[in-house]
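A.B. asks: how would this look folded up:
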Amino acid sequence: MSPLISNYILVNWLYWVSLIYQPLVSSAVDKNENFDNESQHKIERGVLDALYEAFGGDSWYDSDGCIGDDIDIVDNDHCNWCGVNCDDETNLITKLFLQEENLKGSIPTDIGILKSLKLLSFYDNFALTGNIPTEIGNLERLEHVEMSWTKLSGTIPDEIISCKELRVLELGYTQLTGSITSGIGDLKYLRHISLTNTTITGTIPSEVGKLQELAELYLSRTNIEGTIPSEVGNLIELQELDISENDINGTIPTEVGNLINLKTLHASRNNISGTIPSELGHNKNLVSLKVDRNNLEGGIPSSLLDSLSLQYLHLNNNRINETLDNIFNITVPNFPDLVDIVLSNNIIRGSIPKPEKLDINTIKWVDLENNCITGELPDNLHFLFPKILILNLSKNKDTSNIKCCVQINENFVKINGDVIGGVTCENLTGLKGRIPKDLDNLLDLKKLDLSDNNLSGTVPIEVG
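C.D. replies: This is a model prediction of the structure:
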């Protein structure tokens, strides 16, 4: 018999043998997996008992039928307890909901034994203290972590980077410290990050730009410093970005114009300088732009007029240099859904132009306090703001200060770099003239502030 035929017969024999024994091997594997799941199921019951003890279960708000309760519920199967969800096939714990339960104490390290856990929520338990245990890194299937509104402290363990399936990381309103690890970029499925109102320090790592599915990034009211990394522009799914009330400096990177899905950009109360980038006009879905209380300068970029969805524009307490003519006749009419326009404490100059009748029924708040406004208060303001609630034009009296006006000679003045002829600083005396009688047509007006100007005459009966 030739070697070729012998090999052919051997191969066929091995094939038929494999068909006969395969079910036996598969059955053994299945039995072993079932045994492992049953064993793990019992271990997880012990973990829940440990959690009950560690978290002071006797004082929970809703302990009946929950973790550690002694009553007989469906053969005492913990998968039927409130706050616990198990997989239908493996019977292993996948979700643990213990929010608003008056949990006390700290998170035990046993939490790392729940290998099938996908959701872990200890939200709104103000007596929950201690650190996030490093064993959280053992939960490789974890998708959702919610521990906000607790008193958890210490740093965010680096081991959390092992949770490659993580989608939601909600750790705001805690006492967490430390910095954001550069390894954050490895969690490619993250869609939501909140570290709001913590004492997190350091900078925003450039690796955050790797999070291609990130939709919400909340880092307000922390101790974060440094600049906004240009890599933020890679977050094409980003809708919400809030980095307010930090110590962030530098400029707003032009790459923010790549964020075509961005709806909210809040960066108030920082040390950001430079101008508002014209690239922001690419963000057609932008609803709220709040970059007040920074060191921004320049004007409102004309490209921003393409953001037709804009409702909230807060640029106050900067050095924005813009004319009222642009604001009232170009900027405001271009935003059909505008609700707030807050430009107080800037270098807004010129006179309020006579308003034309416009169909803008959405504006509720206009704030131009402490700018460089001159001229008379025109009639028919209700044409421009028929539904306004708050109108603040106060503190425009002292326009001879260096912010608004520098006298070059008897014929020319300089207002924030612009030379204007035929006027003296003394002529720029804020709002003057009478208070229009037709202000009573602003039917929804709740607050009107015209103080610290040079208005004359009496308060009209119709207004008073």
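A.B. asks: for the chain, where's the lowest mean pLDDT among helices and strands?
C.D. replies: When each helix and strand of the chain is scored by mean pLDDT, DSSP states H and E, strand 412-415 comes last, with a mean of 56.
A.B. asks: list the buried residues of stretch 238-258.
C.D. replies: Buried residues in stretch 238-258, counting neighbours by 16 or more other C-beta atoms under 10 Å, are found at 238-246, 248, 252-253, 255-258. For every residue, glycine as well, the C-beta is placed using N, CA and C.
A.B. asks: cool, stretch 39-59 as well?
C.D. replies: By neighbour count with 16+ other C-beta under 10 Å, stretch 39-59 contains the buried residues Gln40, His41, Glu44, Arg45, Val47, Leu48, Ala50, Leu51, Tyr52, Ala54, Phe55, Gly57.
A.B. asks: now, the residues you listed that are in strands?
C.D. replies: Among the buried residues of stretch 39-59, no member falls in strands (criterion: DSSP state E).
A.B. asks: ok, the buried residues of stretch 238-258 vs Val84, which is closest?
C.D. replies: Glu240 (31.3 Å; C-beta to C-beta).
A.B. asks: separation between that closest one and Gln99?
C.D. replies: Glu240 sits 22 Å away from Gln99 when distances are taken as C-beta to C-beta, to the nearest Å.
A.B. asks: thought Ser456 was touching Leu450?
C.D. replies: No. Between Ser456 and Leu450 there is no contact under C-beta atoms under 8 Å: 11.6 Å.
A.B. asks: more neighbours: which of those two?
C.D. replies: Between Ser456 and Leu450, counted using other C-beta atoms under 10 Å, Leu450 has the larger neighbour count: 18 against 9.
A.B. asks: between the buried residues of stretch 39-59, which sits nearest Leu338?
C.D. replies: The closest of the buried residues of stretch 39-59 to Leu338 turns out to be Phe55 (C-beta to C-beta; 48.2 Å).
A.B. asks: give me the neighbour count for the nearest residue to the closest one once chain neighbours are set aside.
C.D. replies: Among residues not flanking Phe55 along the chain, Leu103 sits closest, at 4.2 Å (C-beta to C-beta, 6 or more residues apart in numbering). By other C-beta under 10 Å, 25 other residues sit near Leu103.
A.B. asks: distance of Leu103 from Asn246?
C.D. replies: Counting by C-beta to C-beta, the separation of Leu103 from Asn246 is 30 Å.
A.B. asks: got it, and Asn102?
C.D. replies: From Asn102 to Asn246 the distance is 32 Å (C-beta to C-beta).
A.B. asks: and stretch 382-392, end to end?
C.D. replies: One end of stretch 382-392 sits 15 Å from the other (C-alpha to C-alpha, to the nearest Å).
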